[in-house]
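Peer 1: Sharing a model prediction with you, sequence too.
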Amino acid sequence: MKFRKITKDTKVFPGEYLFHEPSKNIVLVGAFNWESDFIRGLANGRMMEDKITHFKKIILEEHERKRQLKGKCRGCKKA
């Protein structure tokens with residue numbers, strides 16, 4: 001897992017997970033606003049808001065993505 005700095009070119013969507021550096025928590029994004037310079041999200045069951053510079057985008061490596069796909073249930077998949 002790697003972390004990448006969020007820039008103007010980076011796309012951040014509600015429902016995405018980001019890493020919050022000061023608290024070292026993974027945050028579920030709820031709102032993202034460049035003009036007001038904040039990201040609002042859910043961390044440890046509580047709402048938080050902080051500057052965009054305190055967050056980093058989570059980048060999964062190839063082997064991590066493959067491992068994640070293996071763990072999914074395929075019970076409802078039609079043959």
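Peer 2: That came through, no problem.

Peer 1: List the contacts of stretch 21-41.
Peer 2: With contact meaning CB atoms under 8 Å, 6 or more residues apart in numbering, stretch 21-41 is reached by 8, 12-20, 42-44, 47-52, 54-56, 58. C-beta: built from backbone N, CA, C; applies to glycine.

Peer 1: Weed out the non-buried ones from those.
Peer 2: Buried positions within the contacts of stretch 21-41, assessed by neighbour count (16 or more other CB atoms under 10 Å), are 18, 19, 20, 50, 52, 54, 55, 56.

Peer 1: Would you format these as CSV with pLDDT and distance to residue 26 included?
Peer 2: Output for the buried ones among the contacts of stretch 21-41, formatted as CSV (pLDDT from 0 to 100; distance: CB to CB, whole Å):
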residue, pLDDT, distance to residue 26
18, 96, 7
19, 96, 6
20, 96, 8
50, 96, 14
52, 95, 16
54, 96, 13
55, 96, 10
56, 96, 11
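
Peer 1: From the residues you listed, pick the one nearest residue 2.
Peer 2: Residue 2 lies nearest to residue 56 out of the buried ones among the contacts of stretch 21-41, by CB to CB, at 9.1 Å.

Peer 1: That closest one - nearest residue in space that isn't next to it in sequence?
Peer 2: Sequence neighbours aside, residue 3 is the residue nearest to residue 56 in space, at 3.9 Å (criterion: CB to CB, 6 or more residues apart in numbering).

Peer 1: List the ones among the contacts of stretch 21-41 that fall in strands.
Peer 2: If you go by DSSP state E, the contacts of stretch 21-41 have 17-20, 42-43, 47-50, 55-56, 58 in strands.

Peer 1: CA-only coordinates of stretch 27-34 in CSV, if you can.
Peer 2: The C-alpha atoms that make up stretch 27-34 are tabulated as CSV, following Å, rounded to 0.1, in the frame of the first residue of the first chain:
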residue,chain,number,x,y,z
VAL,A,27,-11.2,8.1,6.5
LEU,A,28,-14.4,7.5,4.4
VAL,A,29,-14.8,10.7,2.3
GLY,A,30,-18.2,12.4,2.6
ALA,A,31,-17.4,15.9,1.1
PHE,A,32,-14.5,17.3,-0.8
ASN,A,33,-14.1,21.0,-1.6
TRP,A,34,-11.0,22.6,-3.2
